[in-house]
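A.B. asks: Provided below are the primary sequence and the corresponding predicted coordinates.
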Amino acid sequence: MKILLATDGSEYSTRAAAFLTRLNLSLEDEISIFHALYWIPFMYDKEFYYDTLKEIKRDLAPKIIDSALEILKHQY
C-alpha cells in the first residue's frame, strides 16, 4: 500500500500521522510525507518573496517533516 501524508505541522496533521501508526502496515508499505507552500502574494519585491521562501524551506519545513517522522518511526 502507498500512503501520502500531507502535513502542515498542525494538530490535525499530527493526528493523521498518529492514525497511520494504528494501521497494520508491513515493511513493504510506503508512507510518503508531503509538505507544500502555497503562493502568498507579498507586497514587496520578488527578491524579498524568494528570500522568504528560502528561509521557510531552510528553517520551518524540516521541523514540520521531522515532527511527522518522529510520530511514524514508532510504527516499525
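C.D. replies: Okay, I see it. Residues are numbered from 1 along each chain as shown.
A.B. asks: A61 and E30, how far apart?
C.D. replies: Using Cβ to Cβ, to the nearest Å, one gets 21 Å for the distance from A61 to E30. C-beta here means a position set from N, CA and C on the backbone, and glycine is covered the same way.
A.B. asks: A61: how many residues sit nearby?
C.D. replies: 16 (other Cβ atoms under 10 Å).
A.B. asks: can you check T21 too?
C.D. replies: With other Cβ under 10 Å as criterion, T21 counts 14.
A.B. asks: check which residues of the helix or strand bottoming out on mean pLDDT in the chain are buried.
C.D. replies: In the chain, the helix or strand scored least confidently by mean pLDDT, DSSP states H and E is helix 46-55, which has a mean of 80. By neighbour count with 16 or more other Cβ atoms under 10 Å, helix 46-55 contains no buried residues.
A.B. asks: can you show me the CA trace of it as PDB?
C.D. replies: Taking C-alpha atoms only, helix 46-55 is exported to PDB below (Å, rounded to 0.1, in the frame of the first residue of the first chain):
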ATOM      1  CA  LYS A  46      10.200  39.400  -5.900                       C
ATOM      2  CA  GLU A  47      13.600  39.100  -4.300                       C
ATOM      3  CA  PHE A  48      12.100  39.500  -0.800                       C
ATOM      4  CA  TYR A  49       9.500  36.900  -1.700                       C
ATOM      5  CA  TYR A  50      12.000  34.300  -2.800                       C
ATOM      6  CA  ASP A  51      14.300  35.000   0.200                       C
ATOM      7  CA  THR A  52      11.300  34.400   2.500                       C
ATOM      8  CA  LEU A  53      10.500  31.100   0.700                       C
ATOM      9  CA  LYS A  54      14.100  30.000   1.000                       C
ATOM     10  CA  GLU A  55      14.000  30.800   4.700                       C
END
